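Peer 1: predicted model and sequence below, questions to follow.
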Amino acid sequence: MNVLVLNSGSSTLRFQIIDTDLERIEGDADRRLSRGLVERIGGHALLRLESEGRGVVHEDAPLRDHRAAVDRVLRWIVSEESSIESVTSIADIHAVGHRVVHGGERFRGSVRLDADVMREIEECNALAPLHNPANLRGIRAAEDLLGPGVPQVAVFDTAFHTTMPPAAYLYGIPYSLYRRRGIRRYGFHGTSHRYVAYRYRQHMGIPREDVNVITLHLGNGCSACAIRRGDSVDTSMGFTPLEGLLMGTRCGDLDPSIVEFLALEEGMQFTEIDSLLNKQSGLLGISGLTSDMRELLREEEENQDRRARLAIEVFCYRVRKYVGAYLAAMGGADAVIFTAGIGENSPEIRGRICSGLEWMGLELDPKRNAAAHDGVTAEIGRDGSRVRALVIPTDEELLIARDTVRVLEGAPLPGFAR
Ligand code: AMP
């Protein structure tokens with residue numbers, strides 16, 4: 001079954017075509033036929049298109065909206081130019097899986113899209129005013145262009161975290177605001193945390209109930225998740241993805257009074273403060289240089305840049321603090337798992353995060369840590385380390401494609417609480 005995976009942002013569209021079905025899932029034999037990214041939708045858009053047959057192609061084109069972007073992508077996919085043998089017409093796309101950012105408290109798993117589900121996603125728009133409407137535009141565009149006969153499935157960033165207990169998701173503000181406005185911790189990156197927890201379970205050959213781990217998704221966006229008996233019991237992102245760890249450009253944890261202080265003392269508007277905290281903070285804000293961890297490490301090493309070093313220190317310290325907090329919250333964990341751009345690729349950062357955690361039984365093996373490489377699950381802890389350490393590459397698109405198949409076939413969705 002050829003599944004089109006769509007992830008539509010406010011001015012972007014990411015896509016993949018993955019050939020998968022229950023048999024391929026069983027044998028871990030899914031095939032990625034094509035992938036790409038459209039940026040600057042709404043103006044002169046930039047496209048990066050890649051297929052098994054053709055390698056990478058860069059293009060640009062005026063694309064008015066998401067419908068035009070999905071249309072352009074579909075035309076390329078079925079064209080001779082992409083050279084995808086098994087997809088030569090629209091009829092070869094059998095289903096669509098969508099990443100949807102916010103499913104509120106309503107969606108506890110992945111679901112087939114219909115008018116009712118669309119309405120319920122729309123009801124979550126206030127909780128994710130930039131993301132959910134963009135996701136819905138992607139869904140409508142795909143329905144328009146592929147026709148109502150092609151089934152579509154929604155996979156939510158928040159769903160995996162719906163198992164959190166109230167002690168973890170309630171903020172210390174009047175309870176009526178939770179009831180009336182839904183102000184609580186929702187958490188994000190759920191598809192990634194769920195995917196690596198599932199891979200850990202496969203790697204260890206254990207049942208879901210025996211998965212007691214802390215997963216660290218460290219990329220441009222960063223979040224930690226405490227997983228006990230297979231369920232997310234706490235996570236660092238909150239009502240929005242702004243809370244928690246220090247990220248590329250987001251501040252993470254912050255005293256809320258700073259917002260008022262900035263408004264009064266700096267004369268800033270709320271939209272300016274929002275932009276400051278989301279786009280000009282984090283690694284970029286502290287270093288004053290870049291949000292890119294690779295560049296910061298280079299600046300630190302080659303130029304002994306003080307603020308690059310500070311940014312990296314704050315980053316690692318914050319992660320370490322969350323690991324300690326979650327160990328206490330969970331009553332101990334069997335493993336700490338690193339994933340996403342930084343987590344998968346930087347032995348240096350993994351080493352700095354874990355340094356000083358030997359007392360709690362987490363000891364890295366420097367050789368194994370340095371040898372962990374692209375795309376492969378690797379144990380990086382010392383033999384005998386009480387808490388294991390692993391690198392497990394994430395693949396949200398693959399999980400979305402697999403969930404799409406499973407929802408349509410009525411098969412159970414691994415990793416979700418039943
Ligand atoms: P992601 O959002 O998962 O694509 O992750 C992006 C982040 O991963 C950026 O901060 C990159 O600098 C970082 N990254 C990618 N490769 C490396 C590497 N080899 N060392 C350090 N950071 C890396």
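Peer 2: Arrived safely, thanks for sending. Owing to the predicted nature of the structure, the values given are computational and were not obtained by experimental measurement. Numbering: from 1, shown residues only.
Peer 1: who in the stretch 301-418 of the chain is up against the ligand?
Peer 2: Residues of the stretch 301-418 of the chain found near the ligand (CB under 6 Å from any ligand atom) are 340, 341, 342, 345, 346. Backbone N, C-alpha and C define where each C-beta goes, glycine included.
Peer 1: which members of those residues occur in helices, if any?
Peer 2: Using DSSP state H, 340, 341, 342, 345 are the members of those that sit in helices.
Peer 1: most neighbours among those residues, which one?
Peer 2: residue 342 (27 neighbours; other CB atoms under 10 Å).
Peer 1: the closest residue in space to it that isn't next to it in sequence pairs with what?
Peer 2: With CB to CB, 6 or more residues apart in numbering as the criterion, residue 342 has its nearest non-adjacent residue at 4.1 Å, and that residue is residue 218. Beta-bridge partners recorded for residue 218 (DSSP bridges): residue 222.
Peer 1: confirm that residue 36 sits in a strand.
Peer 2: Yes: according to DSSP: H, G, I helix; E, B strand; the rest coil, the state of residue 36 is that of a strand.
Peer 1: so how far is the ligand from the spatially closest residue to residue 384 that is not a sequence neighbour?
Peer 2: Nearest residue to residue 384 in three dimensions, chain neighbours excluded: residue 363, at 7.9 Å (CB to CB, 6+ apart). For residue 363, the distance to the ligand (CB to the nearest ligand atom, to the nearest Å) stands at 22 Å.
Peer 1: cool, residue 240 as well?
Peer 2: 17 Å.
Peer 1: and that residue, how many neighbours does it have?
Peer 2: 20.
Peer 1: which SS class is it?
Peer 2: Applying three-state DSSP to residue 240 yields a three-state assignment of coil.
Peer 1: OK, contacts around the closest residue to it other than its chain neighbours?
Peer 2: What sits nearest to residue 240 in space, not counting adjacent residues and going by CB to CB, 6+ apart, is residue 128, at 7.6 Å. Applying CB atoms under 8 Å, 6 or more residues apart in numbering to residue 128 gives the contacts 101, 102, 240.
Peer 1: just checking, the first one touches residue 156?
Peer 2: Yes: taking CB atoms under 8 Å as the contact criterion, residue 101 and residue 156 are neighbours in contact, 7.5 Å apart.
Peer 1: so for those two, which sits in the more crowded spot?
Peer 2: Per other CB under 10 Å, whichever of residue 101 and residue 156 has more neighbours is residue 156, with 29 against 23.
Peer 1: thought the more buried one was touching residue 98?
Peer 2: No: look at residue 156 against residue 98 with CB under 8 Å: they stay out of range, at 9.5 Å.
Peer 1: in the stretch 201-350 of the chain, what residue lies closest to the ligand?
Peer 2: Among the residues of the stretch 201-350 of the chain, residue 341 lies nearest to the ligand; the distance is 1.9 Å by CB to the nearest ligand atom.
Peer 1: how near is the residue nearest to residue 342 to residue 327?
Peer 2: Distance from residue 218 to residue 327, counting by CB to CB, to the nearest Å: 18 Å.
Peer 1: have a look at the two and say which one is more surrounded.
Peer 2: Neighbour totals were compared for residue 218 and residue 327, and residue 218 leads with 27 against 19 (other CB under 10 Å).
Peer 1: so who does the more buried one touch?
Peer 2: Counting by CB under 8 Å, 6+ apart, residue 218 has contacts 245, 319, 338, 339, 340, 341, 342, 343, 349.
Peer 1: do the same with residue 317
Peer 2: Residue 317 makes no contacts at all, as judged by CB under 8 Å, 6+ apart.
Peer 1: and if you look at residue 170?
Peer 2: Residue 170 neighbours (CB under 8 Å, 6+ apart): 178, 184, 185.
Peer 1: tell me the buried residues within those residues.
Peer 2: Among the contacts of residue 170, the ones that count as buried by 16 or more other CB atoms under 10 Å are 184, 185.
Peer 1: if I pick residue 215, what's in contact with it?
Peer 2: Neighbour list for residue 215: 192, 193, 196, 197, 224, 225, 227, 337, 339 [criterion: CB under 8 Å, 6+ apart].
Peer 1: how about the residues you listed in a markdown table, adding pLDDT?
Peer 2: As requested, the contacts of residue 215 are exported to a markdown table (pLDDT from 0 to 100):
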| residue | pLDDT |
| --- | --- |
| 192 | 97 |
| 193 | 98 |
| 196 | 98 |
| 197 | 98 |
| 224 | 98 |
| 225 | 98 |
| 227 | 98 |
| 337 | 98 |
| 339 | 98 |
